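Chemist: A predicted structure for the sequence below; I have some questions about it.
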Amino acid sequence: MSFEELIQTLQGKFGAESLVTTTDRAGDPFVMVPAAKIVEILTFCRDDASLAFDCLSNLTGVDAPPDDAEVVYHLFSYSKKHSLTCKVRVPKSNPHVSSVEKIYPTANWQEREAFDLIGIIFDGHSDLRRIMLPEDWIGHPLRKDYKEAADYHGISTSRPSLLYPEKG
Amino acid sequence: MAIQTQEMMLNMGPQHPSTHGVIRFVVKTDGEVMSEAIPDVGYLHRSIEKIGEICDFNGFMPYTDRADYLSAMNANQGYAMVVEKLMKIEVPRRAEYLRIIASEFNRIISHLLAVGALAMDVGAATPFLHALKEREKVNDLMEALCGQRLTYNYVRIGGVSYDMPPGFTEQSLSFLDKFEPIMQEFERLVSDNKIFVERVANVGAISREDAIAYNLVGPNLRASGVDWDLRRDMPYSIYPELDFKVCVGRGEKGTLGDCYDRYIVRIREILESVKILRQCFIQIPEGPTLADMPKSLKPPIGEAYVRTESSRGDIGYYLISDGSTHAFRLRIRTGSFTGMSIIQKISQGMMIADLVALIASLDVVAPEIDR
Amino acid sequence: MEQFAIYLHENFFYQAPLWMIKAAVQVGFASIVLLLFVSPFAGILSFIERRIAGRMQDRIGPNRVGPQGILQFLADGVKSLLKEDLIPKDADKPLFILAPYLVFLGMFTTFVALPFSSKLIVADLNVGILYIFATSSLTVVGLVMAGWGSGSKWSMLGGMRSAAQVISYEIPAGLAALTVLLLTGSLSMQAIIKAQGAHPWQWFIFDNPFTLISFFILFIALIAEGNRTPFDLPEAESELVSGYNTEYSGMRFVFFFFAEWANLYIIGAIMTTLFLGGWQIPQSLYNASAAVANWFPQVVQLLFFQIKALVLIFIVVQLRWTLPRIRMDQLMSLCWKYLVPIGFFCVMGVAVWMLLFPQGVPWMRTFLTILAGITLVYYFYRVYYQIKASNAEIQLNPFV
């Protein structure tokens, strides 16, 4: 199915006002989904026979300055060979999204990574720990406003330039 | 009176010869049988995605090598393709062919290392060295092509950096002629070896449903019986013009999707890659190797997600551009990362020796997991 | 020797009884001789193994120290002597220190009863074969101690594996040896060899079908006891990071390796003694060599013994560098489900055979010998065929 057909199917089920598509951008089209409905929509996407999105190809956490953060779901169907990009936008002050781990087990680690690097909290996740960084790391490095701490356990995170030592 | 036993917690890694890089497993074991192995990754996290937001688009290319150093060409190609898709750049035909030649060579050596390491991890040291010997010869060819032996940085956005050196075709073809019988010899040494089969068959079987649900990709997915190859089913570059078979696991020596299937799929893919390479060397057209590129790349505002078939399967690049010379967000979704996440589920009730075989057969590479 | 003992008694230890000093001197002298004999043997075997491994893996192997690298083991030994001797903080110190010596002792003392020729044997014990099995299983105590004493979980797993493995495989080994003992009626190593002849059809291996089977059982069991691939689970480097000897360094580590290679030789020697006629040479050859010098037959016998042992060692080394390692449960099921029942079957079979044919069956001996000959010819044909099929470049010259 093409993107338009997919959107029509979804809008027929969930209503047009909740699924917003943007058309003025280059590259892949995507659909904005309200955060409260993401589990419902992905469950439908997986179980509906005409959609049959059996694979969550990619889950990305994106910082959307100034105030928001996004989670991007790249769905893919092996049987129908079509794909769909869903986005969820939440405020960074309260970044809660429902976990889709129950629908797609692969989301487990990918959500941990998004939590680790962007700081999105996935409600209902079975094991939401940091995955890449140490447990005691402060901050979420892939946020645009991330400031690197001067040291980590007494180890300096910067070093003088080898070429221009006087510049520090 | 029953003997009182206690579960032992073993720490496998981060330095352990068969974790294939710096990965740690927390293994809960009762004697030889483990109840669970919990992977702990992140020791090699170099924040490549963050670097992608700081570098300009051409400058990021060498970092993709480091994301998957065993299959650097394929990683290069995926990244180049995502920028090209966003900027709608047409790549010259000759460059496409050169990319595929490089990628398929890279697939051969990556798979060679994978099967060799699997053989070594189940205890046979000799096949590994024979695999590495052939790998060296391909490395020589790659050095002739792009001057590097491991991290190639060969692909450019809009083409490739150099044309083939003179005599490269002949060298490659003569290598391929010698390589095929050596692969047969390798198979005779390993594939039907009774002990090898006993060690890997019926071990770590991943069902079709699990493979899709956990988003296993590439050879691991095909070994579980999913007839899927991006090169054939969502063709990119010049793959539609090439004739090759997709190798699918059939559960020949045991269960569908066990370690043996993953091993044999890789062996067969090596031979398919040889076939692809021969066709490429016949079909390659003359022409430029790099499209006319602007000095500074500024993709339009938008986003693109590109998946290519790397040696470790489907590697996905997700690029969001805000119209500047840097990426706004660049995500690399790699096969090892998703492959690794299934280990905790599959490893329950295995023996320690099986865990080693499972890790090796999934062909996870630590830098690709952690990026 | 006697005078040296008296000298010691008069000058140093006049309080101790003379017989005790005599015994001590004898033991000391024997140890020095054995040490001088065994050590180069283990070292040269390590060189041979590394060169074969190199050839099998399409590389050269050690060839720098001494002619063709034959002195490599000396260089390695000296290097290890100079290394720092580390004892981990969590180690059980006495056990950790004692373990390598026990392993070494277990291997070392078996040489006492190995018959290299009709006269060249330290002690022809009347319980020779029993003694060898007993002392060589002393090593398992050392291995378990090393595994436990290291204070590392991986080492402990290795130690436990080796305990389970060695103790299990003692049984099929013992059963297979029992078939020979039935035929000989003696435990003495020399008596076993003397009961066989110089020609292949006079060897115990071809005496009857049951001994032929027990030959293979004993071979497998001894490889397993010696922790060689495909049974090298206790030191599996890709699983246990070389198991019980992970934490050892310097000279203690060398002791483990000494024991390993000495054990490799013991495998060959035991097999040769029990099944392949030991040092037996044809009478004509004996007479011819006796004409040269009085002691010369002994040398020829030694040579025959060594050749037979080395062929077996060569096979063991080849197996090591070809086969993967089997898993713990497979190891146990191989032992208890296959080797032990077949071993019992062979013992019964030999007993019945001896009852039915007290004089042996000559045509069966001939038949089995010819069968073995055909198998060997077929083996060489296969090797030839494989080499031809793979278009490999043949490098027959062993000196690179």
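Modeler: Looks like it arrived, so ask away.
Chemist: near chain B, which residues of chain A show up?
Modeler: With CB under 8 Å from any CB of the partner chain as the criterion, chain A meets chain B at residues A:25-28, A:30, A:54-58, A:60, A:62-63, A:72, A:74, A:78, A:81, A:83, A:85, A:104-106, A:108-110, A:117, A:130-134, A:141-142. From N, CA and C alone the C-beta is placed, and that goes for glycine too.
Chemist: what about 7 Å?
Modeler: With the criterion set to CB under 7 Å from any CB of the partner chain, chain A comes near chain B through A:25-28, A:54-58, A:60, A:62, A:74, A:78, A:81, A:85, A:104-106, A:108-109, A:131-133, A:141-142.
Chemist: Mind checking which of those residues are in strands?
Modeler: A:26, A:27, A:55, A:56, A:57, A:58, A:60, A:62, A:74, A:85 (DSSP state E).
Chemist: Give me the buried entries from the residues of chain A next to chain B.
Modeler: A:26-28, A:54-58, A:60, A:62, A:74, A:78, A:85, A:104-106, A:108-109, A:131-133, A:141-142 (16 or more other CB atoms under 10 Å in any protein chain shown).
Chemist: quick one: average confidence on the longest helix along chain B?
Modeler: When chain B is parsed with DSSP state H, its longest helix is helix B:93-121. Mean per-residue pLDDT for helix B:93-121: 88.
Chemist: Over to stretch C:222-232?
Modeler: Computed over stretch C:222-232, the average pLDDT equals 82.
Chemist: Do it and chain B come into contact?
Modeler: Yes: using CB under 7 Å from any CB, stretch C:222-232 reaches chain B at C:229, C:230.
Chemist: now that stretch, how far from the centre of its chain.
Modeler: Distance, stretch centre to chain centre, for stretch C:222-232: 11 Å (CA atoms, centre = their mean, to the nearest Å).
Chemist: Same check on stretch C:35-49?
Modeler: 12 Å.
Chemist: Send me that stretch as CSV with only the CA atoms.
Modeler: In CSV, the C-alpha atoms belonging to stretch C:35-49 read as follows (Å, rounded to 0.1, in the frame of the first residue of the first chain):
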residue,chain,number,x,y,z
LEU,C,35,63.9,-35.0,35.0
LEU,C,36,66.8,-34.8,32.5
PHE,C,37,65.1,-37.3,30.4
VAL,C,38,61.5,-36.1,30.6
SER,C,39,62.0,-32.4,30.4
PRO,C,40,63.6,-32.3,27.0
PHE,C,41,61.0,-34.8,25.9
ALA,C,42,58.1,-32.6,26.9
GLY,C,43,59.9,-29.6,25.4
ILE,C,44,60.7,-31.3,22.0
LEU,C,45,57.1,-32.6,21.9
SER,C,46,55.9,-29.0,22.3
PHE,C,47,58.1,-28.0,19.4
ILE,C,48,56.8,-30.8,17.3
GLU,C,49,53.2,-30.0,18.1
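Chemist: now the strands for the stretch 251-371 of chain B?
Modeler: Using DSSP state E, counting those that start in this stretch, the strands of the stretch 251-371 of chain B run over B:302-310, B:313-321, B:327-333.
Chemist: Packing partners of the first one?
Modeler: Under the contact criterion of 3 or more CB pairs under 7 Å, 6 or more residues apart in numbering or on different chains; DSSP states H and E, strand B:302-310 touches strand A:26-27, helix B:72-87, helix B:230-233, strand B:313-321.
Chemist: Can you name the next helix or strand after the longest helix of chain B?
Modeler: The C-terminal neighbour of helix B:93-121 among helices and strands, as given by DSSP states H and E, is helix B:125-146.
Chemist: check whether that following helix contacts chain C.
Modeler: Yes: judged by CB under 7 Å from any CB, helix B:125-146 comes into contact with chain C at B:125, B:126, B:129, B:130, B:133.
Chemist: quick one, what contacts the first one?
Modeler: In this case it means residue B:125. Shown in contact with residue B:125 (CB atoms under 7 Å, 6 or more residues apart in numbering or on different chains): residue C:321.
Chemist: can you do 8 Å?
Modeler: Counting by CB atoms under 8 Å, 6 or more residues apart in numbering or on different chains, residue B:125 makes contact with C:53, C:57, C:321.
Chemist: and if you look at the third one?
Modeler: Contact analysis of residue B:129 by CB under 8 Å, 6+ apart lists B:116, C:57, C:58, C:59.
Chemist: ok, so what distance separates it from residue A:134?
Modeler: Noted for residue B:129: a distance of 37 Å to residue A:134, by CB to CB, to the nearest Å.
Chemist: Touching stretch C:46-53 from outside, list them.
Modeler: For stretch C:46-53, contacts defined as CB under 8 Å, 6+ apart pick out B:125-126, C:61-62, C:69-70, C:72-73, C:76, C:257, C:261, C:264, C:313-314, C:317-318, C:320-321, C:398.
Chemist: Give me the subset of those residues lying in strands.
Modeler: Among the contacts of stretch C:46-53, no member falls in strands (DSSP E).
Chemist: Give me the PyMOL select line for the residues you listed, limited to the buried ones.
Modeler: Under the burial definition 16+ other CB under 10 Å, those of the contacts of stretch C:46-53 that qualify are selected in PyMOL by:
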select buried, (chain B and resi 125+126) or (chain C and resi 61+62+69+70+72+73+76+257+261+264+313+317+320+321)
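Chemist: What is the burial count for the closest residue in space to residue B:284 that isn't next to it in sequence?
Modeler: Once flanking residues are discounted, residue B:284 sits nearest to residue B:97: 4.3 Å by CB to CB, 6 or more residues apart in numbering or on different chains. Close neighbours of residue B:97, defined as other CB atoms under 10 Å in any protein chain shown, add up to 24.
Chemist: measure residue B:97 to chain A for me?
Modeler: Residue B:97 sits 26 Å away from chain A, going by CB to the nearest CB, to the nearest Å.
Chemist: How about residue C:225?
Modeler: From residue C:225 to chain A the distance is 45 Å (CB to the nearest CB).
Chemist: Residue B:176 contacts residue B:279, correct?
Modeler: No: in this structure, residue B:176 is not within contact of residue B:279 by CB atoms under 8 Å, at 11.4 Å.
Chemist: ok, the residues of helix B:125-146 next to chain C vs residue A:1, which is closest?
Modeler: Comparing the residues of helix B:125-146 next to chain C against residue A:1 with CB to CB picks out residue B:130 as the nearest, at 48.3 Å.
Chemist: Pull the number of nearby residues for the closest one.
Modeler: 20.
Chemist: Not counting sequence-adjacent ones, nearest residue to it?
Modeler: Nearest one to residue B:130, counting by CB to CB, 6+ apart, is residue B:186 at 6.0 Å.
Chemist: so what's the one you found up against?
Modeler: Applying CB under 8 Å, 6+ apart, the residues near residue B:186 are B:115, B:127, B:130, B:131, B:267.
Chemist: Could you identify the most distant pair in those residues?
Modeler: Within the contacts of residue B:186, B:130 and B:267 form the most distant pair, 13.1 Å apart (CB to CB).
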